[in-house]
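Colleague: coordinates for the following, if possible.
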Amino acid sequence: MDPIFNPYAPGAGSPPPELAGRNAVREKMRLCIERLRRGKPAKSMMLVGLRGVGKTVLLDQMMKDAEASGVVTIRIEAPEGRSLPAVLAPQLRLGLLKLSRTEKAKDMAIRGLRALAGFVGQMKVTFNDIEVGLDYEPEPGLADNGDLEGDLTMLLEQVGKAALAGETLVAIFIDELQYVPEKQMAALISALHRCAQLQLPLVVAGAGLPQLRGRMGEAKSYAERLFDFPAIGPLDAADAADAIVKPAHDEGVDFDEDAVTLIVTYTKGYPYFLQEWGKHAWDVAAASPITRLDVETASRQAIATLDESFFRVRFDRLTPAEKRYLRAMAELGSGPHRSGDIAAKLGRESSSLGPVRSNLIAKGMIWSPTHGDTAFTVPLFDEFMKRIMPGEAWMQADA
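Modeller: Numbers count the residues shown, from 1 in each chain. Okay, here's the model as predicted:
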């Protein structure tokens with residue numbers, strides 16, 4: 001069939017043509033925003049889940065929903081190697097400038113911009129990666145003490161007060177939140193806690209790998225009472241089928257029922273993989289309806305594409321010792337696995353593998369669902385490891 005009309009969208013954060021199975025989370029965020037706009041308490045939200053489950057897509061859709069309701073939105077990503085103040089400050093500036101164009105909020109927004117100037121001036125001493133234009137001179141004593149936790153709290157207070165004056169709400173969306181260092185995470189949580197105590201119309205929606213919940217709890221013990229942590233997982237069979245069938249139907253193309261069942265089986269309902277299989281099934285098929293045979297042929301191409309991109313880009317960041325650790329995990333199955341069992345497969349003591357395991361957690365490759373357990377953060381990565389490191393030669397390789 002004509003690839004020009006292929007409706008599927010595999011890619012990092014690319015919105016799928018059918019955002020199936022996520023309405024409940026979107027509605028929860030809508031209720032949160034509407035309660036805060038009316039001065040009622042509501043928790044900020046942190047989406048947690050593995051790679052490929054569509055956290056970024058859902059976060060962006062929630063931001064679009066918020067914008068459609070008339071609130072001021074801010075969107076940042078917390079990449080490895082950059083500080084939270086560096087990525088947050090420029091976007092806070094844009095939000096405050098937008099608020100300053102509303103007559104009711106103008107004075108408070110300008111005070112927020114003065115707070116931002118003081119904040120940036122002091123934080124540059126600690127974080128030399130901050131680059132942001134300043135519109136007003138700082139106000140002495142306003143978010144300029146040089147203490148990240150206190151200054152960020154005061155800054156977000158001013159943002160919330162500007163939103164309150166403007167009879168609106170500021171919603172901050174943060175992706176890849178697991179990369180924020182603990183002290184910076186603690187400062188963010190503390191600032192949001194203060195805004196909640198003051199009943200200010202400011203909310204944060206974040207997204208991160210499953211370890212995010214534990215990291216936030218370690219940063220501030222009250223984090224679990226301040227946030228909701230909806231788990232974003234694979235789609236159930238009905239929603240996964242909708243993600244495949246509806247986009248094709250909109251283009252006048254149908255799937256045989258057993259073809260859909262096979263795609264759901266191959267992908268285990270993970271949204272990114274559904275898009276990959278849908279794309280290749282469309283390109284392989286000669287005509288509608290797309291058949292089980294089409295899907296079987298497409299599966300070989302989908303797996304090869306994933307191996308070359310989605311999986312390989314993560315594999316290439318690993319050291320030889322880290323690759324062997326993950327290969328040992330794969331040998332045990334999809335997981336999670338006890339750390340001692342992984343060590344035994346490698347013929348090592350668990351204690352000697354601690355640094356390797358810690359590095360893999362820091363790289364976002366594995367996480368610990370419970371104490372002593374280890375699991376992949378990337379779905380189907382165990383199958384990839386067996387393909388790229390076949391046989392038993394890896395067991396004798398030098399660490």
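Colleague: distance of residue 45 relative to residue 318?
Modeller: Residue 45 sits at a distance of 32 Å from residue 318 (criterion: CB to CB, to the nearest Å). Where you see a C-beta, it was placed from the backbone N, CA and C, and this is true even at glycine.
Colleague: quick one, which of those two is more surrounded?
Modeller: residue 45 (21 against 17; other CB atoms under 10 Å).
Colleague: and the more buried one, what does it touch?
Modeller: 25, 28-29, 32, 203-206, 227-230 (CB atoms under 8 Å, 6 or more residues apart in numbering).
Colleague: report pLDDT for it.
Modeller: Looking at residue 45, its pLDDT reads 96.
Colleague: for it, what are phi and psi?
Modeller: Note on residue 45: backbone dihedrals following degrees, to the nearest 10 are phi -130, psi 140.
Colleague: ok, it to residue 182 distance?
Modeller: Taking CB to CB, one finds residue 45 at 21 Å from residue 182.
Colleague: check residue 84 too.
Modeller: Relative to residue 182, residue 84 is positioned 11 Å away (CB to CB).
Colleague: ok, back up a step: and which of the contacts of residue 45 is nearest to residue 189?
Modeller: Proximity of the contacts of residue 45 to residue 189 (CB to CB) peaks at residue 227, which lies at 8.3 Å.
Colleague: redo the contacts of residue 45 as CSV? Include distance to residue 381.
Modeller: As requested, these are arranged in CSV below (distance: CB to CB, whole Å):
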residue, distance to residue 381
25, 25
28, 30
29, 30
32, 33
203, 33
204, 30
205, 27
206, 24
227, 28
228, 28
229, 23
230, 23
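Colleague: these, buried ones only, as a ChimeraX selection?
Modeller: Entered in ChimeraX, the line below selects the buried ones among those, by 16 or more other CB atoms under 10 Å:
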select :25,28,29,32,203,204,205,206,227,228,229,230
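Colleague: of the contacts of residue 45, which belong to strands?
Modeller: 203-206, 227-228 (DSSP state E).
Colleague: include pLDDT and distance to residue 64 when you put the contacts of residue 45 into TSV, please.
Modeller: Shown next, in TSV, are those (pLDDT from 0 to 100; distance: CB to CB, whole Å):
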residue	pLDDT	distance to residue 64
25	97	14
28	97	16
29	97	11
32	96	16
203	97	15
204	96	17
205	97	12
206	96	17
227	95	22
228	95	20
229	96	22
230	96	18
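Colleague: closest one of the contacts of residue 45 to residue 294?
Modeller: Nearest to residue 294 among the contacts of residue 45 is residue 25, at 32.6 Å by CB to CB.
Colleague: I figured that closest one hits residue 49, correct?
Modeller: No. Counting by CB atoms under 8 Å, residue 25 does not reach residue 49; the two are 10.7 Å apart.
Colleague: give me the common contacts of these two.
Modeller: The contact sets of residue 25 and residue 49 overlap at residue 232 (CB under 8 Å, 6+ apart).
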